[in-house]
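Chemist: predicted structure and sequence below. I'll ask about it afterward.
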Amino acid sequence: MEEGSVELIDYLRVIWKRKVLIIAGTLLCVAVGVAVSIRLPETYRAEILIRIGKTVNTVSFFSSSPSLPSFSLIDTVGNLATSIPVEYALEEDLGDGLNVEVVNGTFMIKIRLEGLEERSTNEHLKKLADKFTSDQFKITERNIRHYKILIGVLESDIKEIQNDLVQGPLELENKINIPKKANPII
């Protein structure tokens, strides 16, 4: 055996000599971990999945016609999920316990709330989900109203165009005064 080489057996001998120190250190770490986990308060977690359809953003753009209403832009589910903690956590003072994420490949978002009391955590999450769905319903209804107005305006424009198409040839015929062909007598 070479003078500078160390074999596996040498390592095992060192570990065997220090076995009491290794066991004592492991037991001390386990005891500290148990003590810390016992002293920490329990955290309750409540989760809810919400399916989002077409979502709308409150940023409006102006239409070119003053008779037409302005419409809201369609927003992405990701942007909506990002805005929920900002809009709703501050109102309810939920702190860092609120987490919102998009379920990959779907129009669903997962809202997770963590708290110290199970009942209040569930109540806060239900209240937040109800407020969120109510707000989204109001926004959707408002935008549907705008679309109904737009459809009404477009329908009246279509009727005017149809009348112009029917009246155009008649007016042209009257202006030119085209004589009607007489039937030849045979």
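Modeler: Nice, I can see it.
Chemist: beta partners for Gly115?
Modeler: Judged by DSSP bridges, the bridge partners of Gly115 are Tyr44.
Chemist: so what's it up against?
Modeler: Thr43, Tyr44, Ala46, Gly97, Thr121, His124 (CB atoms under 8 Å, 6 or more residues apart in numbering). Using the backbone N, CA and C atoms, a C-beta is placed for each residue, glycine as well.
Chemist: give me the element the last one is part of.
Modeler: In the assignment (DSSP states H and E), His124 maps to helix 118-176.
Chemist: so how far is that helix off the chain centroid?
Modeler: 23 Å (CA atoms, centre = their mean, to the nearest Å).
Chemist: re the thing from before, of the contacts of Gly115, buried ones?
Modeler: For the contacts of Gly115, a burial check counting by 16 or more other CB atoms under 10 Å picks out Tyr44, Ala46, Gly97, Thr121, His124.
Chemist: want to throw the residues you listed into a markdown table with distance to Arg18?
Modeler: Listed next are those as a markdown table, based on distance: CB to CB, whole Å:
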| residue | distance to Arg18 |
| --- | --- |
| Tyr44 | 43 |
| Ala46 | 48 |
| Gly97 | 44 |
| Thr121 | 47 |
| His124 | 52 |
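Chemist: related to what we said a few turns ago, helices and strands around the helix holding His124, which ones?
Modeler: Applying 3 or more CB pairs under 8 Å, 6 or more residues apart in numbering; DSSP states H and E, we find helix 118-176 packed against strand 44-51, strand 55-61, strand 71-75, helix 77-92, strand 108-115.
Chemist: weakest of these by average pLDDT?
Modeler: Ranked by mean pLDDT, the helices and strands packed on helix 118-176 end with strand 55-61 in last place, scoring a mean of 46.
Chemist: and the pLDDT for Asn183?
Modeler: Predicted confidence (pLDDT) at Asn183: the value is 60.
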